[in-house]
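J.: Show me how the following folds:
(chains A and B)
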Protein chains: 2
Amino acid sequence: MTSFSNLKRKENDLRTAYSKDIDGKVEGRPLLLAGWIEDIRNLGSIVFLIVRDNYGPFQAVVKGDLAKEALALPRQSYISIGGIVKPSSGSKAFDFELITDRITVLNRADSSLPLDATGRVKADMTTMINNRPLALRIPHEKDVIVGKSYLLKAARAHLLSKGFLEVDTPKIISTSSEGGADLFKVDYFGTPAFLAQSPQLYKEELVLGLDHVFEIAHYFRAEKSNTVRHLSEFLSMDMEAALYTKEDAMALLEEIVRKIYEEISSRGLVAIRIDEEAEFPRYSYRELIEFLKSRGYEIKVGDDLTTEHLREFGKEQDGFYFIVNWPLSIKPFYTMPSPQDKLFSESFDLMHKDVEIASGGQRIHDKNMLKQRIIECGLNPNDFEQHLRVFGWGMPPHSGWGVGVDRLLMRLMGKENIRDVVLYPRDAKRLVP
Amino acid sequence: MTSFSNLKRKENDLRTAYSKDIDGKVEGRPLLLAGWIEDIRNLGSIVFLIVRDNYGPFQAVVKGDLAKEALALPRQSYISIGGIVKPSSGSKAFDFELITDRITVLNRADSSLPLDATGRVKADMTTMINNRPLALRIPHEKDVIVGKSYLLKAARAHLLSKGFLEVDTPKIISTSSEGGADLFKVDYFGTPAFLAQSPQLYKEELVLGLDHVFEIAHYFRAEKSNTVRHLSEFLSMDMEAALYTKEDAMALLEEIVRKIYEEISSRGLVAIRIDEEAEFPRYSYRELIEFLKSRGYEIKVGDDLTTEHLREFGKEQDGFYFIVNWPLSIKPFYTMPSPQDKLFSESFDLMHKDVEIASGGQRIHDKNMLKQRIIECGLNPNDFEQHLRVFGWGMPPHSGWGVGVDRLLMRLMGKENIRDVVLYPRDAKRLVP
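T.: Got it, this is the predicted structure:
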């Protein structure tokens, strides 16, 4: 007999198998499954139940008194259902079906539900978010969250295989980690504190003792902007590595995106295609400026690129690409100036068409240079005293990046709004559920 | 030639190998390593450098003008060092050494450092925390953080192998997730909000659509208590699974602790021993009460157990054990009452001697029972309206647990203070670094 599942159960069994286990190998055998009722088809003397579990739907044939019971159950009720596996007679969708001899109602659903959990009647995004747990019973909605789990698995596996250590750094901090505004304030036992917007300073410090580190965690930005690509709480994947150049960091990032793509496309969960042969194209910031000028935009070297600029350039792009060597003036203080031209920097963004997916580069490792840049950026070096000290302890040259995991997932899944890929999104107008 | 490392480097190389690569296989070959100078021994015409990288120390022999340069370097400076591998002459610690022909100083350390990074001069815990990145150069301090990374790796691998999906739920919430006090307040665009103390309600909701879920993330408790086992920001590993009983949840937890133990003990990183043969003992709450009475404590069934009680009982215990079936009255509202005796509950704590490591059990899945328990616990069901709705959508029976990862690591590593295993701890008196 096949071993159906990892479930270890001694008595009072409610499930011995999943829908995926129903096939020719178990014909004639008794199985016990559990799931929610997706559909009930009444053919008079016989009732067909379509029941869905974690792996998909199966068909159960119910007769006699049990059929009467089944007919009275609200859809989406959660049941345990037992029977014998037989080849199905006349079903196009199922080769095998369960000839039911036992139904245990584990939880009756309300008769009126806030959305159609089969997905046949489309619900708008707000309805989906307000009722996320139920929305996840719709296969393509669930696929996104399954994809996220595999995205994280593939990314971690690759980083660990390269000798990176997973670390965790504080989310409640005393001062701004990057000198930016837009931080959420926390009352920390009467002391004003903030929610971290990135692990930037901590991960750099840890390079000193741990060489290669990464962290995957939630961070927070109190931006009021209401766009399809911003949330005030988001999942970020951050790495920092000793002796990595900007090039090394970009190569690692591209590898990880490809590993993620392989993992989730092998499971049929991905909506886009990445060319396995061609490297992600690389464009310098200057090239983008030239391109935009040629399209009639009034822009000059040193200006930041707007959403509109990136949309214009992104139209020309197939998928992922890098923009490298941004002006130093528009990058955070810790960014390494380019050795050839100090107006530019050893920085890069990973883009997907018009969306920034990741940002990174080489960081300054010299204490005096870092202090100088803090001053030049209009920040007070006293606020960074604790951080600056660390750079006097033999800090290696290092590079790193941060990936917006939700944005990456959004594009891999072919979704247009970041709220479609986050279970319980948070923005300026949404704090529940 | 052996392939030394995964580093992909095209030009301006600073490292082609790690200390672990220095052995007989590369005798006579040129290598380039990078690391921090741990010790400088001046023998007059010849200088020995002990350099440490991510994998351990190695010895470099420096002569001539290079030796003069080396002597002038402050300890803990970060260097790239090249040379030829030769059998060492007269060293007890190293079989091979590097005959140096090139030193590149990548970052000069300050001549005065806040602690001895070799660990020979012991520093107190406060000094360690205030200078964590440097403290991590001490091997046994670093081992703790390496151990944490492997703990997470082993736990995730096991959960994923069992079909659990990794999810991420919000840390900024509108109301208390468990009806408890001690929440940090956040100003959310002018609306009062809180930092989550656990993913409890979210992970339960997600069972509805995803069946088996887990999350590993930071949570927050504004407890003023200053103990060796509490922090106000902590790493928690939480799971929730459909159709799991309390027994299933305990079995999974024990499996995971053993997997973690195997993973980190195989790397020589663990300080305790877990018996591979014997299951973790299980004691009922009632048994503990009887034990405590027999020791002269004035305690009766229904009372919560104090630290002192657990210390008394923990003394008798070898290591990990479960306490099961706690009184319903001292557990949160979502805890399932025991079918045999409704004054008790389908709950458990995983203990290590006197410390609570994890807490879990079966949850209530019936909407009316849950509402009733919310009222009995003195909470307002209107505050949980959003959550209660979900239980009308066919919620499966389910169980779960939450593990204090830092506490587990602390005990596996034989540490007595949770601040010893958290990179940047947060408590009522500490918000920096």
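J.: Pull the contacting residues for the residue of the stretch 201-350 of chain A found nearest chain B.
T.: Chain B sits closest to A:G209 of the stretch 201-350 of chain A, with a gap of 2.6 Å, by Cβ to the nearest Cβ. (Each C-beta comes from the backbone N, C-alpha and C, glycine too.) Counting by Cβ atoms under 8 Å, 6 or more residues apart in numbering or on different chains, A:G209 touches B:132-137, B:142.
J.: filter these to the buried ones?
T.: Burial by neighbour count, judged by 16 or more other Cβ atoms under 10 Å in any protein chain shown, picks out B:132-137, B:142 from those.
J.: for those residues, which one is nearest chain A?
T.: Among these, and counting by Cβ to the nearest Cβ, the member closest to chain A is B:L136, at 2.6 Å.
J.: tell me the domain ranges of chain A?
T.: For chain A, automatic domain parsing gives the domain ranges A:19-107, A:134-420.
J.: average pLDDT across the shortest one?
T.: It stands for domain A:19-107. Average pLDDT, domain A:19-107: 95.
J.: And for the last one?
T.: When pLDDT is averaged over domain A:134-420, the result is 96.
J.: Can you show me the helices along chain A?
T.: All helices of chain A, identified by DSSP state H, fall at A:64-71, A:125-130, A:132-135, A:139-161, A:200-210, A:246-265, A:285-294, A:307-314, A:367-376, A:385-390, A:405-412.
J.: Distance of A:I374 relative to A:F391?
T.: Distance of A:I374 to A:F391, given as Cβ to Cβ, to the nearest Å: 11 Å.
J.: which one of the two has more residues nearby?
T.: The neighbour count for A:I374 versus A:F391, taken as other Cβ atoms under 10 Å in any protein chain shown, is higher for A:F391 (24 against 21).
J.: who touches the residue in the stretch 51-200 of chain A positioned nearest to chain B in this structure?
T.: The nearest approach of the stretch 51-200 of chain A to chain B comes at A:L136, 2.6 Å away (Cβ to the nearest Cβ). Neighbour list for A:L136: A:142, A:145, B:206, B:208-210 [criterion: Cβ under 8 Å, 6+ apart].
J.: Could you do A:P327 as well?
T.: A:P327 neighbours (Cβ under 8 Å, 6+ apart): A:285, A:301-302, A:343-345.
J.: out of the residues you listed, who has the most neighbours?
T.: The most crowded member of these, judged by other Cβ under 10 Å, is A:S345 (25 neighbours).
J.: And that one, how close does it get to A:S329?
T.: Counting by Cβ to Cβ, the gap from A:S345 to A:S329 is 9 Å.
J.: Identify the farthest-apart pair in the contacts of A:P327.
T.: A:V301 and A:S345 (13.0 Å; Cβ to Cβ).
J.: can you list contacts of stretch A:251-269?
T.: Stretch A:251-269 has contacts (Cβ under 8 Å, 6+ apart) with A:143, A:146-147, A:150-151, A:153-155, A:157-159, A:162, A:239, A:241, A:244, A:270, A:274, A:276, A:279-280, A:320, A:350, A:358, A:360, A:401, A:403, A:408, A:412-413, B:8.
J.: In PDB, list the C-alpha atoms belonging to stretch A:91-99.
T.: The C-alpha trace of stretch A:91-99 is given here as PDB (Å, rounded to 0.1, in the frame of the first residue of the first chain):
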ATOM      1  CA  SER A  91     -16.800  12.200 -15.500                       C
ATOM      2  CA  LYS A  92     -14.600  14.100 -17.800                       C
ATOM      3  CA  ALA A  93     -12.700  15.900 -15.000                       C
ATOM      4  CA  PHE A  94     -11.900  12.900 -12.800                       C
ATOM      5  CA  ASP A  95     -10.600   9.400 -13.700                       C
ATOM      6  CA  PHE A  96     -11.300   8.100 -10.300                       C
ATOM      7  CA  GLU A  97     -13.900   9.000  -7.700                       C
ATOM      8  CA  LEU A  98     -14.700   8.200  -4.100                       C
ATOM      9  CA  ILE A  99     -17.800   6.000  -3.500                       C
END
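J.: Can you tell me what sits against it?
T.: Taking Cβ under 8 Å, 6+ apart as the rule, stretch A:91-99 contacts A:22-24, A:27, A:31, A:33, A:57-61, A:81-88.
J.: Give the closest residue to A:I323 in space, chain neighbours not counted.
T.: Nearest non-adjacent residue to A:I323, counting by Cβ to Cβ, 6 or more residues apart in numbering or on different chains: A:D349, 4.9 Å away.
J.: got a list of what that neighbour touches?
T.: Residues near A:D349 by Cβ under 8 Å, 6+ apart: A:322-323, A:326, A:356-360.
J.: same deal with A:M250?
T.: A:M250 sits next to A:282, A:322, A:324, A:348, A:350, A:360 when contact means Cβ under 8 Å, 6+ apart.
J.: List the contacts of the closest residue to the fourth one other than its chain neighbours.
T.: In other words, A:F348. Excluding its sequence neighbours, the residue lying closest to A:F348 (Cβ to Cβ, 6+ apart) is A:V324, at 4.5 Å. Contacts for A:V324 were tallied using Cβ under 8 Å, 6+ apart; they are A:246, A:250, A:282-285, A:347-348.
J.: is A:V324 in a bridge, and if so with what?
T.: A:S284, A:F348 (DSSP bridges).
J.: separation between it and A:G360?
T.: 10 Å.
J.: Find the residues that touch each one of those two.
T.: Taking Cβ under 8 Å, 6+ apart as the contact rule, A:V324 and A:G360 both touch A:246, A:250, A:347-348.
J.: Throw those residues into a markdown table and include distance to B:L201, thanks.
T.: Shown next, in a markdown table, are the shared contacts of A:V324 and A:G360 (distance: Cβ to Cβ, whole Å):
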| residue | distance to B:L201 |
| --- | --- |
| A:K246 | 43 |
| A:M250 | 41 |
| A:S347 | 41 |
| A:F348 | 40 |
